[in-house]
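Undergrad: Could you look at this predicted model? Sequence included:
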Amino acid sequence: MSLQLARYLKDFSEPRRPQSPFLHDGAFAGSASLSEEPAFDLSAPEPRIDVEAEREQAFAAGRAEAEAELGARHLAEVEDLRKAHAAEIEALRDHLERHAAAMIAERFTTMTAWLADRVASQAANVLAPVLDEVLARQAVENLAAMIRAGLPEGDGIVVTVKGPSNLFEQLKLQFEEGAPMVLKHLEADDLDLAAEFGDTVLVTRMAAWADTVRRVLA
């Protein structure tokens, strides 16, 4: 049979088995034995990774870390504000204490001066009549002594006295009954007494003394 006809005839021979890729020659080459290294990798497959869960977990961790950092920063800022506020309060307290001390000292000085003026005024009001009385008595006594020293010898000498009647009455008491002179009074709107006899004129200094006392007590 020619080769041309054999191409068209059905092949009744036993079909050939395909060779397994795992059983090709040299498949187990380089292996000492089957017990040393398995021919197939029978380990468990890698677990499946949930990308969405990993993303959410990473987001939550980052958020927690950011919140912790912001919280710590906020607490630090609050503490700085508290310290600054405390310093301002302390400075304000110190200023108010100094101002209050100065104001109290000023008011105390003013009150002391006012009280001193009031006491001096009251003392002057109380002492003025007493001093006037003392000065008047002293002036009358001095005038009586000068009249005795200046009278010429003889009886019936007339001594004319000008001034307030109350001082004239005090002057009369300075002379005993039967004195060698006659006291004649002329009312005058004056603080001083003036005694005239002959060419002699004697005058008290009540007005000048009273003015000096008033200036001292003022």
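TA: The structure has been received and is ready for your questions.

Undergrad: Next, find the distance separating the residue nearest the centre of the chain from E187.
TA: Nearest to the mean C-alpha position of the chain, by Cα atoms, centre = their mean, lies L96 at 1.2 Å. Distance, L96 to E187, by Cβ to Cβ, to the nearest Å: 69 Å. Using the backbone N, CA and C atoms, a C-beta is placed for each residue, glycine as well.

Undergrad: Apart from its chain neighbours, what residue comes closest to V140?
TA: Q170 (4.5 Å; Cβ to Cβ, 6 or more residues apart in numbering).

Undergrad: From M181, how far off is the one you found?
TA: 17 Å.

Undergrad: swap in D155?
TA: From D155 to M181 the distance is 8 Å (Cβ to Cβ).

Undergrad: Looking at these two, which one has more neighbours?
TA: Between D155 and M181, M181 has the larger neighbour count (other Cβ atoms under 10 Å), namely 17 against 9.

Undergrad: Pretty sure the more buried one sits against V158.
TA: Yes: using Cβ atoms under 8 Å, M181 is in contact with V158, at 7.1 Å.

Undergrad: Between those two, which contacts overlap?
TA: Contact with both M181 and V158 is made by residues F197, according to Cβ atoms under 8 Å, 6 or more residues apart in numbering.

Undergrad: re the thing from before, any idea which helix or strand comes after the one helix or strand the residue nearest to V140 maps to?
TA: Per DSSP states H and E, Q170 falls inside helix 165-172. Using DSSP H and E, the next helix or strand after helix 165-172 towards the C-terminus is strand 181-187.
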